[in-house]
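In: what would the 3D arrangement of this be:
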Amino acid sequence: MVKLINTNNIPLIWIHLAALLVVSAWGVSFVSTKILLENNMTPTEVFVVRTLLAYIIILCFCHKKLISNSLHDELLFLASGLCGSSLYFITENTALEYTLVSNVSLIVTLAPLITTFLVGALYKSEQPSKGMVLGSMIAFLGVGCVIFNSSFVLSIKPLGDLLALTAAISWAVYSLVIRKLSALYSALFITRKTFFYGIVTAIPFLAFEPQSEFSLSLLLNPNIWGNFAFLGIFCSMMAFYLWAWVINKLGAIKANNYLYIQPVVTLIASALILGEKVSAVGYIGCSLILAGVWISDRLSVKRPGQQHG
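Out: A predicted model of the protein is given here:
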C-alpha cells in the first residue's frame, strides 16, 4: 500500500497545521456546495459526484488491499462511510435547502461537544479535562457570534435544523469509529473505504429526492466543475486523508475542537466570494473561537504525576 506521507517523527506543529488546513477547506466548502445547489443539483448528487471523484483518485494510490482484516472491521468501515460520508453530507446539504446557512453552520459545529460527551460516556478512563470543556464552551460561544454576525435573530425552521443536528451527531459517531480503525489501518486505506461505503449507502437516498435535472453538459460549466474539483480533490480526498491522520495523532476530542474554526473560514469566504459584510460581532466570534481552541489544547496537556481529567 502506497503512503502519500511519511508520518514518522513529524513535529506536533505540522499535525496542528494539517488540522487547520482541513477545517479551512471544509469552511470554504459551504460556499461551493451552495453554488452547486443553486445550479439545480440535488444534495445527494452533489455528494455522489464529489465523493466519486475523490474515490477514483485515491484508488490510484491505494488499490492493492481491497478488503479489511475481518468482517467486524468491514462493518466498522460501513459505519464510517454512512456516518462520516453519506449521512453527514446529504443531511447537511439538504439542510441548506430548508433553513439558513447560519443555522446549519451553528448546529453542525455541535459535533465536537457531542464527540466529547460520547467519548466520556464510552471511555471512563478518558473523561475530558476541565480545560478542554472550558475551551470547548468558549469556542462554541464564538461560533454563535460568528454565525449570527450582524443579526441576532435566528430563523427557526425545524426540518432544516433537525437535519443539521443529525449531521452533527453523525460526524461525532464517525470520529469514534475512526478512532478504532486508525489503530489498525493507514489513513489512506481508511479514507478510501469510507468513500466507497459512502457512495454505496448514498444510493437509497436518491429514491427520496425529486426528479433530477442533472446532465453531463452541466460539468462543462467552469463554475460547476471548478467547485466539484475543489470539493472532490481538496475537501474530500486530501482533507479526509489528513483528518484520519490528525485524529490518530491528536485524538478525537482535541482534533474535533478544530472544527470550531470552520465557521470563521466560512465567514471570511462568504465576505470575499459572496460580498457579505463582517461585523464587529463576527470579529469577536473569530477571536473567541481561536482562544477556545488554544485553551482547550494548552489546558488539556497532561502534566507529570497528574491524571487526565
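In: name the nearest residue to Ile247, ignoring sequence neighbours.
Out: Ala255 (4.8 Å; Cβ to Cβ, 6 or more residues apart in numbering). From N, CA and C alone the C-beta is placed, and that goes for glycine too.
In: equivalent analysis for Val264, please.
Out: Nearest to Val264 is Cys286, by Cβ to Cβ, 6+ apart, at 4.8 Å.
In: tell me the SS of the one you found?
Out: helix (DSSP: H, G, I helix; E, B strand; the rest coil).
In: so Ile253 makes contact with Thr115?
Out: Yes - Ile253 is within contact range of Thr115, at 6.0 Å (criterion: Cβ atoms under 8 Å).
In: looking at it, Met238 is touching Ser24, isn't it?
Out: No - if you go by Cβ under 8 Å, Met238 and Ser24 don't touch, sitting 11.6 Å apart.
In: so what sits against both of those two?
Out: Contact criterion Cβ atoms under 8 Å, 6 or more residues apart in numbering; residues shared by Met238 and Ser24: none found.
In: next helix or strand past the lowest-mean-pLDDT helix or strand in the chain?
Out: One helix or strand of the chain scores below all others by mean pLDDT, DSSP states H and E: helix 101-108, with a mean of 73. Scanning forward in sequence from helix 101-108 by DSSP states H and E, the next helix or strand is helix 111-122.
In: returning to what we had before: model confidence for the residue nearest to Val264, exactly?
Out: Note for Cys286: predicted pLDDT of 73.
In: now swap in Ser125 and tell me
Out: Per-residue pLDDT puts Ser125 at 68.
In: so for the helix or strand hosting Tyr55, what gets flagged as buried?
Out: Tyr55 belongs to helix 43-61 when elements are defined using DSSP H and E. In terms of neighbour count (16 or more other Cβ atoms under 10 Å), helix 43-61 has its buried residues at 43-55, 57-58.
In: and what of stretch 174-190?
Out: Those buried within stretch 174-190 under the rule 16+ other Cβ under 10 Å are 174-179, 181-182, 185-190.
In: mind picking the two most distant members of these?
Out: Maximum pairwise distance among those (Cβ to Cβ): 20.4 Å, between Leu176 and Leu188.
In: can you give me the neighbour number for Thr109?
Out: Residues within reach of Thr109, counting by other Cβ atoms under 10 Å, total 27.
In: what's the spacing between the closest residue to it other than its chain neighbours and Ser296?
Out: With sequence-adjacent residues excluded and distances taken as Cβ to Cβ, 6+ apart, Thr109 is closest to Val143, at 4.9 Å. Note on Val143: its distance to Ser296, by Cβ to Cβ, to the nearest Å, is 13 Å.
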